[in-house]
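*Asks:* could you look at this predicted model? Sequence included:
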Amino acid sequence: MYIETTEKLLDFIEKSPTAFQAVDEMQKRLTENGFEVLSEKEYWKLIPGGKYLVTRNNSALIAFCIPEKESRVFHIMASHSDSPSFKIKENPEIKVDNSYVKLNVEKYGGMLMAPWFDRPLSVAGRVIIRRNGGLKEKLINIKRDLVMIPNLAIHMNREANNGVSYNPQKDLQPLFAVGNTDRTLLEIIAEQTGVKKEDIISHDLFLYNRMPGTIWGADKEFVSSARLDDLQCAFASMEGLLRAQNHESIAVHCVMDNEEVGSGTKQGAASTFLKDTLLRINMGLGRTYEEYLMTLAGSFMVSADNAHALHPNYTDKTDPTNHHPVLNKGIVIKFNANQKYCTDAVSAAIFKELCTKAGVPYQTFVNRSDIAGGSTLGNISNTQVPMNTVDIGLPQLAMHSPYETAGVKDTEYLVRAAEELFA
Ligand code: ZN
């Protein structure tokens, strides 16, 4: 079961090189399972027993199930669709000494830069094309090894193994072509999509790691892949929603974009996307605003974003007492006194009980008091939709590397917890 779930996860991640494809994949999977697609631009007619989804910017998605029996509770699991990468700039080709062409890229999010060197990369995202006098969005994934960021040889930088600082404008520009070619990235995209180059008006394109996911280790206990943060949680949340039967609450699977750059966009956790959707569910069921507020007060959210596991080479980086999660030992509940994680005694207790009911293990994470740690989407989302919220994640190593490592059992654990939450 664990391996099967992990293999499904790897398949999902491979089909989701950017947030746009991740949302498209989830939409396909959910509609195949009877979810009806709603548009924010139209009226919503909701019925008990109905299953729906809505997207924003085609990079954030909320799917929800209305129970047959009347319910005044939302049970939400929130995760994010984006991962750190390099975004291709508007006019990307840079000619180098009439010998090479490289692409001009900028950082998206806070990645580990070193592992982006010396590995086959490609380009994915979306383009906006001119079609029949209007504009049309098209997903792009150039499914071949297309670019590479070559390292500087040790002979030209004898300090390379003593700590290097990278300048993204100088060091991280991927090599695209050799010779004084006039061939552009958009030409390749035009060829692949059968669209005229002149009809491609604009783009949101990112680099991605071409290396497929793998299951490895003495007993095949590890899984490594790009974008485990946070597609592992997004996938588990979706699977939990699909498995859950006989909903007693309004089950909400929520995947936001732009967590890696602070969530402050129309499709991020700081936006009104979740609030608007919950309000419209409330209105679609013919309820008043006061009833909406009453519903929020009794609702519960699980903010699911991956967590740091104990690192075998850096055990000194973890908290001195038992707050060092290990791969395959279960879902990580995250605590932070400064409320970067919104877990408190109440939400922790509710979630621990939920794990026990679901029969899955959990562990806890707190940063060392001298390490600031990261942030996530729970507390940001809570400013729009206040409700009891727990911050959790699956334990992983090498967070924000283009090739991260997790345990093969933990995805299934979160699927079961999500199923319990949603049912
Ligand atoms: Zn994350």
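*Replies:* On my side now, so go ahead.
*Asks:* chain neighbours aside, what residue packs nearest to whichever residue of the stretch 1-150 of the chain sits closest to the ion?
*Replies:* In the stretch 1-150 of the chain, the residue that lies nearest the ion is residue 80 (5.7 Å; Cβ to the ion). (Glycine included, C-beta is placed from N, CA and C.) In space, and not counting its chain neighbours, residue 80 is closest to residue 259: 3.6 Å by Cβ to Cβ, 6 or more residues apart in numbering.
*Asks:* surely the one you found touches residue 377?
*Replies:* Yes. The criterion here is Cβ atoms under 8 Å, and residue 259 meets it with residue 377 at 5.2 Å.
*Asks:* what do the two both touch?
*Replies:* Common neighbours of residue 259 and residue 377 (criterion: Cβ atoms under 8 Å, 6 or more residues apart in numbering): 80, 268, 269, 305.
*Asks:* mind listing what the last one touches?
*Replies:* For residue 305, the set of contacting residues under the criterion of Cβ under 8 Å, 6+ apart consists of 79, 80, 229, 230, 233, 259, 376, 377, 378, 391, 393.
*Asks:* among these, which ones are in helices?
*Replies:* Among the contacts of residue 305, the members found in helices (DSSP state H) are 229, 230, 233, 378.
*Asks:* keep those, but drop any that are not near the ion.
*Replies:* Intersecting these with the contacts of the ion gives 229, 230 (criterion: Cβ under 5 Å from the ion).
*Asks:* in CSV, list the ones in helices among the contacts of residue 305 along with pLDDT and distance to residue 39.
*Replies:* What follows is these, written out as CSV (pLDDT from 0 to 100; distance: Cβ to Cβ, whole Å):
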residue, pLDDT, distance to residue 39
229, 97, 30
230, 97, 26
233, 98, 26
378, 83, 28
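*Asks:* flag the shaky bits of the chain, pLDDT-wise.
*Replies:* Applying pLDDT under 70 to the chain flags no residue at all.
*Asks:* so who does the residue nearest in space to the middle of it touch?
*Replies:* For the chain, residue 81 is the residue whose C-alpha lies nearest the centre (Cα atoms, centre = their mean; 2.8 Å). Contacts here follow Cβ under 8 Å, 6+ apart; on that basis residue 81 touches 16, 19, 22-23, 59-61, 230-231, 234, 255-257.
*Asks:* can you pick out the most distant pair from the contacts of residue 305?
*Replies:* For the contacts of residue 305, the maximum inter-member distance is 14.8 Å, found between 229 and 378 (Cβ to Cβ).
*Asks:* surely the residue of the stretch 1-150 of the chain closest to the ion touches residue 265?
*Replies:* No. Using Cβ under 8 Å, residue 80 is not in contact with residue 265, being 11.6 Å away.
*Asks:* so which residues of the stretch 301-423 of the chain form strands?
*Replies:* Along the stretch 301-423 of the chain, counting by DSSP state E, counting those that start in this stretch, strands occupy 307-308, 331-335, 362-366, 388-393, 395-397, 404-407.
*Asks:* can you say which of the ones you listed is nearest to residue 213?
*Replies:* For residue 213, the closest of the strands of the stretch 301-423 of the chain is strand 404-407, at 9.8 Å, according to Cβ to Cβ.
*Asks:* residues touching the residue nearest to residue 225 when sequence neighbours are not counted, list them.
*Replies:* Closest residue in space to residue 225, ignoring its immediate chain neighbours: residue 213 at 3.2 Å, by Cβ to Cβ, 6+ apart. If a contact means Cβ under 8 Å, 6+ apart, then residue 213 has 9, 10, 13, 14, 223, 224, 225, 226 as its contacts.
*Asks:* list the contacts for residue 144?
*Replies:* residue 122.
*Asks:* TSV for the strands of the stretch 301-423 of the chain, including distance to the ion?
*Replies:* Converted to TSV, the strands of the stretch 301-423 of the chain look like this (distance: least, Cβ to the ion, whole Å):
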stretch	distance to the ion
strand 307-308	9
strand 331-335	11
strand 362-366	13
strand 388-393	7
strand 395-397	10
strand 404-407	10
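*Asks:* okay, these in TSV with mean neighbour count next?
*Replies:* What follows is the strands of the stretch 301-423 of the chain, written out as TSV (neighbours: other Cβ atoms under 10 Å):
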stretch	mean neighbour count
strand 307-308	24
strand 331-335	26
strand 362-366	20
strand 388-393	27
strand 395-397	23
strand 404-407	24
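*Asks:* now tabulate these in CSV and tack on distance to residue 206.
*Replies:* Compiled in CSV, the strands of the stretch 301-423 of the chain are given as follows (distance: least, Cβ to Cβ, whole Å):
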stretch, distance to residue 206
strand 307-308, 24
strand 331-335, 27
strand 362-366, 29
strand 388-393, 23
strand 395-397, 21
strand 404-407, 17
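*Asks:* out of those, nearest to residue 200?
*Replies:* Residue 200 lies closest, by Cβ to Cβ, to one member of the strands of the stretch 301-423 of the chain: strand 404-407, at 32.1 Å.
*Asks:* and that closest one, what does it pack against?
*Replies:* Counting contacts by 3 or more Cβ pairs under 8 Å, 6 or more residues apart in numbering; DSSP states H and E, strand 404-407 is packed against strand 222-225, helix 228-243, strand 395-397.
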